[in-house]
Each structure stands twice: as C-alpha cells, then as structure tokens.
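Student: I would like to see how this sequence folds:
(chains A and B)
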Amino acid sequence: MSSQDVQPQAARRLSRRSLLQGAATAGAAGLAVTAIGSAASPAFAATNRPAAAENHSDVPAHAGPIVVHVRDAKTGDIEVFSGTSKTRLRDKDLAARIARAIG
Amino acid sequence: MSSHREAPEISKDPVADSTDVYAFVSPNKPDTVTLIANYIPLQEPAGGPNFYEFGDDVLYAIHIDNNGDGYADISYEFRFSTQVLDENTFLYNTGPIEEINSPYFNRRQFYDVTVVSGSSRNTIGYNLASPPCNIGPLSTPNYSVVADQAIHNLDGVLVFAGQRAEGFYVDLGSIFDLGDLRPFENLHATFGLPTLPARPGVDATNHLNVHSIAIQVPISAVTRHGHPTIGVWTTASRQHATVWDADNGQNVSSGPWRQVSRLGNPLVNEVINPLGKKDLWNTLPPSDDKRFAEYVTHPGLAALLPTLYPGVFPELATLVASGKPRADLEAILLTGIPKGIVPGFTNYTGPVLADMLRLNTSIPPTPTDKQSIYGLLGGDAAGFPNGRRVRDDVVAIELRALAGVTYALVDKSYTPDAAASKLTDGLTPASVSASYLGSFPYLGVPYSGYYNPS
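Tutor: Below you'll find the predicted structure:
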C-alpha cells in the first residue's frame, strides 16, 4: 500500500476529538501531535484545559500511541498513525484546530 | 564489510543494521537448511553495563522466495520484548548467570517467531528466551551451556536469537584505505605517497561480536516441488512514526512497518550500490532491483582496480573500457547462474533481477575438510554464491569476480588477468579466533568482555 493510500476503516475510528486529546510538538516542516495512551502530558493539560473537560465517552480506546503528523497545515494534509495503520486525511479545519491547540 | 554500517542512514541505527546473511544446507542435518541473519555490527565485547540487545521496536525477518519473482513466499518474523527483573539496580546481571532462567539474569529478552505465507500468519514460538551477552568468568561462567539452552526446537524447527562471535573476516582497515589489500599493497598506486611493502592481512572483525537470528527448517518447508533453489534475504523494519516520549524517557512508535535495512548477497549494498542510493535500496524489496542493475553490470570497483593497481589488470581495464555489461555478475548476484555456465551447476531462479542469496538445496553439503572457502570459484558447489556458509571467503570471491575471473564464463574469448584469481585481503577462517561450531547455530561462542576488553 502506498503512502498515499487512505484506510477508511481506520479513518472512521479516529475522530477529530480523539486527535486533539494528545500532547503536541511542532517542527519546522509540519506539526506532529502524539497521544500517548490515555495520559496527556502536563504541557498539554496546561494549554488545553477546556478540551479536557469535555465528555469523551464517544472516543474509541486505542491500545497504543496515536501519532498525528500535520504535513501541511494550510492544505490540511494530515497523517495519523495508530497501531500498525496509517490514515491520510485532508481536513483544513482539523489541521487549524491542531495548530491552535499547540499555540 | 559484508553489510556492516553500509549505508549512511542505517549506520546510525545499529540495532536495525543487518550485517551478514548465511544460507546453506545444514552439514549435520542435510534435509534442512540453516538461515542466519546477523545484526548490530562491531560489538565490543566489554560494552556494558547496557550490553547489546535486539530492538523491541524492530521487526526482524528472514525471507524466502521460492518462485523467482523477487517477493517473499515465506517469511520468518522475529519480534523481541525486554524484561527487567529489578529496575532498582544498574546491573545487567546481579550474580552469575549459570542457566538461562537464572534469577540473576536481570535484563533479558524474549521473542516470538511467526511464519508468514501469503495472507497466512502462524506464530510457532512464543516468549522464547535469548541468551545473555558473554560478559566474563564471574557473570557468565558457563556461557556455552547457557547459550545452548537458548536453542529452541519448535516441532522440528530450530531457532536461536542472541549474541555470537563475528564469523565474517575482513581487513577493513586496509580495504577502506582507498582499496588497499595488504598482500598486494606493494603494487598499489598510493597516489604518489611512499610505496608500502606487501604484508599479511589483519582481521578487523576478530574479537568482535554480532547478534544472530538463526533458524533451521526442513528443506521441504521452504521449496516448491521440483524447484530446489530458494532466494534468501533479511530485512529490518521500524514503524513509520517515532516520537520521543519525554515524560517516560523512551521512544514510542506507531503506524505501519517500514523497511529500513535489507541484505541478501554480501557486499552488494556495501560496494556495488552508490552512496546516494544505499538507503533507498534498503527500503525496497528485491523485486525492485532492476532499478539498481546498472551498478552490478557496470561496477565502479571493477573500474577502480586497474587504477589502484597500475599495470596489474590490463585485461580488466580493456573490458571496463569496452562498456560491455558484466553478465557474469548479473547472473551471480541478480538471477542466479543458469545451466550451462558452470558444468553441472545452476541456481538460476528466472529472469527477474533481484538481489537474493540463492541456494540450490539439492546440492549436498561438502564435508568440512573438503570445502573450499572460495566456494564455486574453488570448485565447491555447496559454497557461495550457492548460498553462503559461515566460513566462505566472500571478500576474495567477490573481489576475484569483480576483477574478471567469472567474466570468462560468459565470454570464452576473455582471458582474465593472472592477478585476478589471486586477489585476497589475506585472511582465512583461521583468522577468526572463535571456533565455528559444527552444529546449529554454527557461528562461534561470543567473545567475553573480560577476556577481550578492547
């Protein structure tokens, strides 16, 4: 499967909200967001308290980390890694929310 | 080297860096083949307190193509997990490790073995113990006993994964000094610098260790009926995304596995592929090797030899200048040798150009005392490039082939230079201090840190 392929089933499992649960780091070439288990880092908690207060009962549980790579925030080109799968999304709104979430 | 630190990126990731692959009909059990993939190059035996180990975050595999298309038909996958009994000590072991389940063996590894064939996945071994590294007379006083306990029999399939003595012998210090071969350095161009006298080779990998993944399987389990030749290679893969989890002081990985290291024939990615393509080559399957065939058919090292050794290789110089493709090297490395080239021998797998270690399993093993370390070039069809045995002198064999010895097989009008058939870095299996074993896993007991401190 090429890196351009989208896995629809995996895409359905990943809601926008689940992506925004995690801690964040930003790089020059793009943005990468990682949710490590269910524990958000202190840095994320400090900058994202409103989101943490939301009801997440609809968010699927993931056994391992979810890594989000915003390849291009302007076009909304996003890669999401979970387990041994990769999902390629194009979602400008989500990319913008991630960018805002990390400040 | 065969493939130690052979490409810029993988050289920074030794845990995933394959160093050698061996494939041979087991000499003491000729209805089986033994496949060995080595990783983690150039281990100093005294490298504690965190001694060498496989990567828990690496997917190791040994692949077999049995229909000649350059894709794996059977893969043996190995996944490791590390367990620490006491995290409140800095010690790798808290007392003498005298058996593999010793309570003093503090940081230990276990692994699963999964056979993949098409869409089928069958895990044939769970939580198999790896042996410790060989530390010294106090920590590992009966190392061979413990190592033998790490040979697992999975219904007739033997597996072992752990530290071994480096069995590949090569004079790195000389070869990478601008192609110098010590036995012939009196003939080297030296670039105007003072001439050096000829002298014996020095085994740069002696007294160093590697980590081996070895498996011995019935020939019938890996071949198709009527097609005895298999192609073998190893890969290491990492998950696509890795992020440093600073809160827990560790990397976390996620996403699909992506191949980062590959090895079939020795020295192909080392000295055949150009620097700018090596890491790309590492990510691809053998079926893609048509893209790299020009480096095999017009090898840069063959063109260098007449320059490095002026006047020694006039026939080779003429051959290189002619621009004729090296069909001999293409056969040896990318297709196997068709019938009619070497009397009574073939390991041809078809027209697909794919770098695989091709083993014709119908050729019985040669008794040790009758083996030629020069394999097929030495008249011993059970040795490289028909598979590869642990003692085979693949450096000399490939140097001689590159220098034109094998070109005469495909062009009867070509007469190789007299020096071509004598090329060597001056080493033999006797250069390796640790004795090879006569039985699985065949590579010697690793050197201990105590007795080999530097």
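Student: List the contacts of the residue of chain A found nearest chain B.
Tutor: Residue nearest to chain B within chain A (CB to the nearest CB): residue A:81, separated by 3.2 Å. Where C-beta positions appear, they are placed from N, C-alpha and C, glycine not excepted. With contact taken as CB atoms under 8 Å, 6 or more residues apart in numbering or on different chains, residue A:81 is in contact with A:66-69, A:87, B:239-241, B:254-256.
Student: any idea what sits nearest it, other than its immediate chain neighbours?
Tutor: Closest residue to residue A:81 apart from its sequence neighbours, by CB to CB, 6 or more residues apart in numbering or on different chains: residue B:255 at 3.2 Å.
Student: for the nearest residue in space to residue B:27 that is not next to it in sequence, what are its contacts?
Tutor: Among residues not flanking residue B:27 along the chain, residue B:365 sits closest, at 4.2 Å (CB to CB, 6+ apart). Contact analysis of residue B:365 by CB under 8 Å, 6+ apart lists B:24-27, B:30, B:382.
Student: Kindly supply the ChimeraX command isolating those of those residues that are buried.
Tutor: With 16 or more other CB atoms under 10 Å in any protein chain shown as the criterion, this ChimeraX line picks the buried residues out of the contacts of residue B:365:
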select /B:24,25,26,27,382
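Student: Around residue 91, how many other residues sit close by?
Tutor: Defaulting to chain A. 16 (other CB atoms under 10 Å in any protein chain shown).
Student: ah, no, chain B please
Tutor: Residue B:91 sits with 13 neighbouring residues when counted by other CB under 10 Å.
Student: cool, residue A:99 as well?
Tutor: 16.
Student: Next to chain A, which bits of chain B? Give me the list.
Tutor: Residues of chain B that fall close to chain A, judged by CB under 8 Å from any CB of the partner chain: B:239-241, B:243, B:245-248, B:252-257.
Student: hmm, 10 Å instead?
Tutor: Residues of chain B lying near chain A by CB under 10 Å from any CB of the partner chain: B:59, B:239-248, B:250, B:252-258.
Student: The closest residue to residue B:421 other than its chain neighbours and residue B:119, how far apart?
Tutor: Closest residue to residue B:421 apart from its sequence neighbours, by CB to CB, 6+ apart: residue B:405 at 5.3 Å. According to CB to CB, to the nearest Å, residue B:405 stands 44 Å off from residue B:119.
Student: Could you check how far residue B:17 is from residue B:135?
Tutor: With the distance defined as CB to CB, residue B:17 ends up 23 Å from residue B:135.
Student: Could you say which helix or strand holds the residue in the stretch 251-400 of chain B positioned nearest to chain A?
Tutor: Nearest to chain A, among the residues of the stretch 251-400 of chain B, is residue B:255, at 3.2 Å (CB to the nearest CB). Using DSSP states H and E, residue B:255 sits in strand B:250-263.
Student: following that strand, which helix or strand shows up next?
Tutor: Sequence-wise, the next helix or strand downstream of strand B:250-263 (DSSP H and E) is helix B:278-282.
Student: Could you give me the buried positions within that next one?
Tutor: Buried, per 16+ other CB under 10 Å, within helix B:278-282: B:278-279, B:281-282.
Student: How about stretch B:422-433?
Tutor: For stretch B:422-433, by 16+ other CB under 10 Å, it's B:423-427, B:429, B:431-432.
Student: so is the closest residue to chain A within the stretch 101-250 of chain B in a helix, a strand, or just coil?
Tutor: Nearest residue of the stretch 101-250 of chain B to chain A (CB to the nearest CB) works out as residue B:241 at 4.0 Å. With DSSP: H, G, I helix; E, B strand; the rest coil as the basis, residue B:241 sits in strand.
Student: Let me see the confidence value for it.
Tutor: pLDDT for residue B:241: 95.
Student: how about it, what does it touch?
Tutor: A:32, A:34, A:65-69, A:79-82, A:86, B:252-256, B:258 (CB atoms under 10 Å, 6 or more residues apart in numbering or on different chains).
Student: And those residues, which of them are buried?
Tutor: Among these, the ones that count as buried by 16+ other CB under 10 Å are A:32, A:34, A:65-69, A:79-82, A:86, B:252-256.
Student: any weak-confidence spans in chain A?
Tutor: Along chain A, segments meeting pLDDT under 70 span A:1-62.
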